[in-house]
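Enquirer: A predicted structure for the sequence below; I have some questions about it.
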Amino acid sequence: MWKKFVVVFTSLVLVMGSAACGRTDDGKTSASETVKLSDADFTFLMMMLPHHEQAIQMSEMALTNTDSEDVLLTAKSILKFQNAEVQKMKTWLAEAGKPTFSDMTMSSMLTKQQMTDLRAARGKDFDLQYLSGMIVHHRGAIDMAQYEMKNGANRKVQAMAAAIVVSQTAEVLAMEAMRRRL
């Protein structure tokens, strides 16, 4: 039940977020809209890029390290939606004449040792590490997105932040339920 809810809900949020972000049918920002980023918008994007990229790395590990269909479905959903968001963020940064690479780290990200441990884990051990790490990871993203919603100026970036709050809150609830079942 939860996994179907998360997939459907997250799909809906991504569609709404894409529509709110001034995308054309081919997925590109219309030429008449120059991307302008406030300091808060730029900081949010530069923090969220490596944050999402780590979630993608973690979820790629799940493709081979989990035995749980629920964890696998969650990881595939995270891969799909966060890869799409990373591409949007890089596009907006490039269109604003800003760098599209960031190596910032946040306290909600896994350490190098935690990533090494996760990569080595299998089965239930992997699932517990993945879910626990991703729950903390998502909560950090939610905090960053809420800050952007309050302080940002770019409506597209704020729409993405709102979509992150909604979708990742739903995913946290689902992952907490999965972790309790392990």
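Expert: Cool, the structure landed. Numbers count the residues shown, from 1 in each chain.
Enquirer: low-confidence ranges in the chain?
Expert: Low-confidence segments of the chain (pLDDT under 70): 1-33.
Enquirer: which helix in it runs the most residues?
Expert: Taking DSSP state H as the assignment, the helix of the chain that covers the most residues is helix 123-151.
Enquirer: how about the helices in the protein?
Expert: Under the criterion DSSP H, helices of the chain are mapped to 2-20, 39-65, 69-95, 112-120, 123-151, 155-181.
Enquirer: now do the contacts for residue 46.
Expert: 93, 99, 102, 104 (C-beta atoms under 8 Å, 6 or more residues apart in numbering). Glycine gets a C-beta too; all of them are placed from N, C-alpha and C.
Enquirer: can I get those residues in TSV with neighbour count and distance to residue 43?
Expert: Converted to TSV, the contacts of residue 46 look like this (neighbours: other C-beta atoms under 10 Å; distance: C-beta to C-beta, whole Å):
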residue	neighbour count	distance to residue 43
93	21	12
99	12	12
102	18	10
104	12	9
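Enquirer: which two of those have the greatest separation?
Expert: Within the contacts of residue 46, 93 and 104 form the most distant pair, 13.3 Å apart (C-beta to C-beta).
Enquirer: picking that back up, which member of the contacts of residue 46 is positioned nearest residue 154?
Expert: So of those, ranked by how close each gets to residue 154 (C-beta to C-beta), first place is residue 93, at 11.1 Å.
Enquirer: distance of the closest one from residue 35?
Expert: 8 Å (C-beta to C-beta, to the nearest Å).
Enquirer: between the two, what contacts are shared?
Expert: Between them, residue 93 and residue 35 share no contacting residue, judged by C-beta under 8 Å, 6+ apart.
Enquirer: so what touches stretch 82-94?
Expert: Taking contacts as C-beta under 8 Å, 6+ apart, the residues outside stretch 82-94 that touch it are 14, 21, 28-29, 35, 37, 42, 45-46, 48-49, 52-53, 55-56, 59, 99-100, 154, 156-157, 160, 164.
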